[in-house]
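[1] from the sequence below, what's the structure:
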Amino acid sequence: MKKITMKICIITMLMFGFLSLGLGITPAKAAVPWLNADLYLNNYNNSQSTTPSIPNEPTQAPAQETTTTVDWTSLYNNWYNSRYKNQPSTPSTPSEPTTPTEPTSPEPQEPQPAPEPAPSPEPTPELQNSTQDYAGMTAEEKQLVDLINQERIQRGKKPLQIDPELSKWARIKSQDMVDNNYFAHESPTYGNVSEMLRNAGLNFRYAGENLGKTSSVTNAHRGFMNSSVHRATLLNGNFTHVGIGIVYKGSTMYVTEIFVAR
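    Numbers count the residues shown, from 1 in each chain. Okay, here's the model as predicted:
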């Protein structure tokens, strides 16, 4: 019985051994902590394998696709050189020397005569030939009348006629300002110019008056022309007659100009 049991054990062991060799089962070994388990098994199989290994056929690496890059700069340079630079250049024709111009001397100019001064305007015939009654007027009063008419004629206005009665009342008004020590159009004695002329019995449609207090006829006339109100009265185209009255108080000249339309 014991012999039979031992035979069975031996047979079992032999069968197990052959089975182990056929399956490639290896007895357990101690694990190597610093190696990967897969690497350990591969190394072991390569060292214990008795079957000759079939050499692997060399594998061909897949062909890599090549991309062609066109060098446009090189192509353009090659074309430009073959088109232009290889052609023989045409020699430039030398320019002929220019003949130097002789300096021209300026022609002498004849001296121009100095312009003659413009002649002063002569008095207009209308003013010169007009019949003015200067009777009873002083030289200063006559001068002021002429200045007034010159201003009017230069602006296309008719000259004013001297009226002796207007000049008489113009002097009365100037003397009234001296005697009553005032300077205004409203007289404490005669009222305004229209009232004074109506009370004197003079005929007119309407009247105007300029008053001046100065040192000379020229200053009086300049002052009237520089004042827009007095200038408008002096140049009024509706007026037809004038009277001038000048009275002195010391060296001060009181001037009265009376204008009427008839």
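
[2] my read is residue 198 is in a strand, agree?
    No - membership of residue 198 in a strand is not supported by DSSP: H, G, I helix; E, B strand; the rest coil, which gives helix.

[3] all helices of the protein, in order?
    Assigned by DSSP state H, the helices in the chain fall at 2-23, 37-48, 72-80, 125-129, 139-154, 164-180, 193-199, 217-226, 228-234.

[4] who touches the third one?
    Contacts made with helix 72-80 from outside it, assessed by CB atoms under 8 Å, 6 or more residues apart in numbering, are absent: no residue qualifies. Every C-beta, even on glycine, is put in place using the N, C-alpha and C of the backbone.

[5] return the alpha-carbon coordinates of that helix using PDB.
    Extracted in PDB, the C-alpha atoms of helix 72-80 (Å, rounded to 0.1, in the frame of the first residue of the first chain):
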ATOM      1  CA  TRP A  72      10.100  83.600 -54.700                       C
ATOM      2  CA  THR A  73      12.900  86.100 -54.000                       C
ATOM      3  CA  SER A  74      15.400  83.900 -55.800                       C
ATOM      4  CA  LEU A  75      13.100  83.300 -58.700                       C
ATOM      5  CA  TYR A  76      12.500  87.100 -59.100                       C
ATOM      6  CA  ASN A  77      16.200  87.900 -58.900                       C
ATOM      7  CA  ASN A  78      17.100  85.200 -61.500                       C
ATOM      8  CA  TRP A  79      14.400  86.600 -63.800                       C
ATOM      9  CA  TYR A  80      15.500  90.200 -63.300                       C
END
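
[6] what mean pLDDT does it get?
    Averaged across helix 72-80, the pLDDT comes to 73.

[7] what's the answer for the longest one, then?
    When the per-residue pLDDT values of helix 2-23 are averaged, the result is 55.

[8] quick one on the thing from earlier: confidence-wise, which of the helices of the chain is weakest overall?
    Lowest mean pLDDT within the helices of the chain: helix 37-48, a mean of 34.

[9] burial count for residue 255?
    Neighbour count for residue 255, taken as other CB atoms under 10 Å: 25.

[10] same question but for residue 235, I mixed them up
    16.

[11] which ones are touching it?
    Going by CB under 8 Å, 6+ apart, residue 235 touches 151-152, 155, 157.

[12] and the furthest pair within those?
    Taking every pair in these and measuring CB to CB, the maximum separation is 8.1 Å, between 151 and 157.

[13] quickly note the distance from the closest residue to residue 160 other than its chain neighbours to residue 205.
    Taking CB to CB, 6 or more residues apart in numbering as the measure, residue 160 lies nearest to residue 242, with 4.0 Å between them; neighbours along the chain are not counted. If you measure residue 242 against residue 205 using CB to CB, to the nearest Å, the figure is 15 Å.

[14] next one: residue 80
    If you measure residue 80 against residue 205 using CB to CB, the figure is 104 Å.

[15] output the contacts of residue 235 in TSV; the columns should cover neighbour count and distance to residue 174.
    Written out in TSV, the entries for the contacts of residue 235 read as follows (neighbours: other CB atoms under 10 Å; distance: CB to CB, whole Å):
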residue	neighbour count	distance to residue 174
151	17	21
152	20	22
155	9	27
157	16	25
